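Trainee: Everything below, folded, please.
(chains A, B, C and D)
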There are 2 protein chains.
Amino acid sequence: MKDYKSMLKEYNLKATPQRMYMISEIEKSGHIDIDNLYESLQTFFPYISLATVYKNINSMVDNGFLTEVKVPHKKSRYEITKESHAHLFCKECGKLEDIFINTEALYNEAMQNSNYQITDILVTFEGICKECQKLKSEG
Amino acid sequence: MKDYKSMLKEYNLKATPQRMYMISEIEKSGHIDIDNLYESLQTFFPYISLATVYKNINSMVDNGFLTEVKVPHKKSRYEITKESHAHLFCKECGKLEDIFINTEALYNEAMQNSNYQITDILVTFEGICKECQKLKSEG
DNA sequence: CTGACTGCAAACGTTTTGCACGGTA
DNA sequence: TACCGTGCAAAACGTTTGCAGTCAG
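Mentor: So this is what the prediction gives:
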């Protein structure tokens, strides 16, 4: 298992087996929602409580170790906090992927056209992924 | 009152007083969440049910008359569907505003760097609005 | 050893549903 | 008149809380 212990310690969280497995699952899937996370945890921890999953997700989000990603028409998903990036969301299969784009122009445009002091830019591209395009064309 | 009747008819919805007032409130505020909408409806319809507000919001969203806007750490807000635009969100006071930006470059970048067929781009700028900046500096 | 974490059950807030009545078209 | 929309109450969800026992540091 990766060095999840020190990752947690860095964020002042105790390294319990449940938490370490949560992190490994989130890392593996990239983005995961509560229900899928709970389900996959159950194979390792048959008696784990949904409340525990919520509590851990909340504390990890609160101290910045995880980031919540709101998705159109779906439950929120969680990812390990990393450098600023955008998301690709497939509205056919619900898949969510990272995409790194340059938001400097956006930032400048928004700063010029508003009187906000902008601190973050959230970008989600909605569309159809390659696999779903193929499925549709094969019909 | 504006021509809310024909707006609703266009979307195959019956023009009830409750719905027309809902639309006028959403239009007036730009973006509104369920609770505030319910509250403002009560001054006109003291016996209106929250369930009615939900049912109407859902049917209007379902057929595209309204659009749901997900906001960080807040309940969703609803706006009358209009041409593509981005949002400014003040994380101090929670205000949400429209901002029109050019997303062509973004679109091109995402099309080139992914194999998605992109249909929509959701952009939210998070920051601090002018009024809250002032309040903070006066602090 | 102590405080933090876990699992369970209950509580809570939000949203949806079923139904009888009333209003729109 | 027929059907859709309304209000009410109850149900269904999703999430949080309180508590007693356990574990990580």
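
Trainee: From here on, just use CA atoms for contacts and neighbour counts.
Mentor: Fine.

Trainee: isn't there a strand covering residue A:131?
Mentor: No. Read with DSSP: H, G, I helix; E, B strand; the rest coil, residue A:131 is helix and lies in no strand.

Trainee: now the helices for chain A?
Mentor: A:4-10, A:17-29, A:34-44, A:50-62, A:104-112, A:130-138 (DSSP state H).

Trainee: just checking, which of those helices sits deepest inside the structure?
Mentor: helix A:17-29 (a mean of 17; mean count of other CA atoms under 10 Å in any protein chain shown).

Trainee: near DNA strand D at all, that one?
Mentor: Yes. Helix A:17-29 reaches DNA strand D (CA under 7 Å from any atom of the strand) through residue A:17.

Trainee: Give the rounded mean pLDDT of that helix.
Mentor: Regarding helix A:17-29, the rounded mean pLDDT is 98.

Trainee: Return the alpha-carbon coordinates of that helix using CSV.
Mentor: Extracted C-alpha coordinates of helix A:17-29, given in CSV (Å, rounded to 0.1, in the frame of the first residue of the first chain):
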residue,chain,number,x,y,z
PRO,A,17,-7.5,1.0,7.8
GLN,A,18,-10.9,2.4,6.6
ARG,A,19,-9.4,5.7,5.7
MET,A,20,-6.4,4.2,3.9
TYR,A,21,-8.6,2.0,1.8
MET,A,22,-10.9,4.9,1.1
ILE,A,23,-7.9,6.9,-0.3
SER,A,24,-6.7,4.0,-2.4
GLU,A,25,-10.2,3.6,-3.9
ILE,A,26,-10.5,7.3,-4.6
GLU,A,27,-7.1,7.4,-6.2
LYS,A,28,-7.7,4.3,-8.2
SER,A,29,-11.1,5.5,-9.6
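
Trainee: thinking again about what came up before, just put the helices of chain A in a markdown table and tack on distance to residue B:105.
Mentor: Compiled in a markdown table, the helices of chain A are given as follows (distance: least, CA to CA, whole Å):
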| stretch | distance to residue B:105 |
| --- | --- |
| helix A:4-10 | 37 |
| helix A:17-29 | 29 |
| helix A:34-44 | 34 |
| helix A:50-62 | 32 |
| helix A:104-112 | 9 |
| helix A:130-138 | 21 |
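
Trainee: Residue A:114: neighbour count?
Mentor: 15 (other CA atoms under 10 Å in any protein chain shown).

Trainee: for the one 5 residues further on, same thing?
Mentor: With neighbours defined by other CA under 10 Å, the count for residue A:119 comes to 12.

Trainee: what residues are up against it?
Mentor: Contacts for residue A:119 were tallied using CA atoms under 8 Å, 6 or more residues apart in numbering or on different chains; they are B:125-128.

Trainee: low pLDDT regions in chain A?
Mentor: A:1-2 (pLDDT under 70).

Trainee: Okay, residue A:121 and chain B: tell me how far apart.
Mentor: Remark: distance between residue A:121 and chain B (CA to the nearest CA, to the nearest Å) = 5 Å.

Trainee: Actually, residue A:39.
Mentor: Residue A:39 is 25 Å from chain B, by CA to the nearest CA.

Trainee: Then residue A:62?
Mentor: For residue A:62, the distance to chain B equals 11 Å [CA to the nearest CA].

Trainee: Identify the residues contacting that residue.
Mentor: Not one residue lies near residue A:62 by CA under 8 Å, 6+ apart.

Trainee: Mind doing that once more with 10 Å?
Mentor: Residues counted as contacts of residue A:62 (CA atoms under 10 Å, 6 or more residues apart in numbering or on different chains) are residue A:56.

Trainee: Repeat that for residue A:105.
Mentor: So residue A:105 contacts A:111, B:102, B:105-106 (CA under 10 Å, 6+ apart).

Trainee: Mind naming the longest strand for chain A?
Mentor: strand A:117-128 (DSSP state E).
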